[in-house]
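J.: Need a 3D model of the sequence below.
(chains A and B)
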Amino acid sequence: GQQVMQIPQYQHVQEGEDFTTYCNSSTTLSNIQWYKQRPGGHPVFLIQLVKSGEVKKQKRLTFQFGEAKKNSSLHITATQTTDVGTYFCAGPGSARQLTFGSGTQLTVLP
Amino acid sequence: DGGITQSPKYLFRKEGQNVTLSCEQNLNHDAMYWYRQDPGQGLRLIYYSQIVNDFQKGDIAEGYSVSREKKESFPLTVTSAQKNPTAFYLCASGDSPGYTFGSGTRLTVV
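T.: A predicted model of the protein is given here:
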């Protein structure tokens, strides 16, 4: 079945440093979604990318979808303590059910 | 406000007991999903339903059962056959794009 791998598993950064998490799928994806889960909370939908090579920005967050539609990345510029949490990518299966990556847990040190 | 309500927030189960986790949504979504999250790990799909009176097994359905008698409700029963049920259970709904998650139920076996 479809597998979605995400690296790194953990990332500690100093406040103000940049952060990137990478997502790779074993199959070509029709779209890829990104979610953020704060400590003790539930995942919250951030964005969906659909087109090959697509780049979308949300303030300090930049999302990319690879040309082959098998990989994606999330880059945060100048991290803040509010960015703390676990970031998940997810790709749809045959019935639109999502397969989630294992997540990257971001810690921001003040 | 539209959203997903999961109850209870915390649940303790004795060995050999069946327990049922509630999930209710007022978003008028056709599709609903149950995921399991273990500490430091990603989300694994248990069951999903794309329409009333129909549901499909996900990747880890053994030891779980569901029903979808109403569009708004998708309860999950954790049976005694589930050998390691201690986890964080998340219900979600969504047609596209993006899922909306409930706040989750933390189940502990005592």
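
J.: who's in contact with the closest residue to chain B within chain A?
T.: Of all residues in chain A, the one sitting closest to chain B is A:F45 (3.4 Å; CB to the nearest CB). Bear in mind the C-beta positions are built from the backbone N, C-alpha and C, glycine included. Taking CB atoms under 8 Å, 6 or more residues apart in numbering or on different chains, we find A:F45 in contact with A:33-35, B:94, B:97-100.

J.: and what of A:G16?
T.: A:G16 makes contact with A:78-79 under the criterion CB under 8 Å, 6+ apart.

J.: hang on, it in a helix?
T.: No: the assignment for A:G16 (DSSP: H, G, I helix; E, B strand; the rest coil) gives coil, which keeps it out of a helix.

J.: and the gap between the most centrally placed residue in chain B and chain A?
T.: The central residue of chain B, meaning the one whose C-alpha is nearest the mean C-alpha position (CA atoms, centre = their mean), is B:W34 at 3.4 Å. Here the distance between B:W34 and chain A works out to 11 Å (CB to the nearest CB, to the nearest Å).

J.: which residues does A:H42 contact?
T.: When contacts are counted by CB under 8 Å, 6+ apart, A:H42 touches B:90, B:101-104.

J.: again, only this time at 6 Å
T.: A:H42 makes contact with B:90, B:101, B:103-104, according to CB atoms under 6 Å, 6 or more residues apart in numbering or on different chains.

J.: Chain A contacts on chain B?
T.: Remark: the part of chain B in contact with chain A comprises B:42-43, B:45, B:48, B:90, B:97-98, B:101, B:103-104, using CB under 6 Å from any CB of the partner chain.

J.: Could you tell me how many residues sit around the residue of chain B found nearest chain A?
T.: As assessed by CB to the nearest CB, chain A sits closest to B:G98 within chain B, at 3.4 Å. With neighbours defined by other CB atoms under 10 Å in any protein chain shown, the count for B:G98 comes to 19.

J.: And for the one 3 residues further on?
T.: Applying other CB under 10 Å, we find 24 residues neighbouring B:F101.

J.: Could you check the pLDDT of it?
T.: The pLDDT attached to B:F101 in the predicted structure is 97.

J.: For it, give its distance to B:N84.
T.: Distance from B:F101 to B:N84, counting by CB to CB, to the nearest Å: 22 Å.

J.: One more: B:E62?
T.: Remark: distance between B:E62 and B:N84 (CB to CB) = 11 Å.

J.: Just the C-alphas of the helix or strand encompassing the residue of chain A closest to chain B, formatted as CSV.
T.: The secondary structure element spanning A:F45 is strand A:43-49 (assigned by DSSP states H and E). This file holds the C-alpha atoms of strand A:43-49, laid out as CSV (Å, rounded to 0.1, in the frame of the first residue of the first chain):
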residue,chain,number,x,y,z
PRO,A,43,-4.1,18.1,13.8
VAL,A,44,-5.2,21.2,12.1
PHE,A,45,-5.3,21.5,8.3
LEU,A,46,-2.8,24.0,6.9
ILE,A,47,-2.8,23.6,3.1
GLN,A,48,-3.3,21.4,0.1
LEU,A,49,-1.0,21.3,-2.9
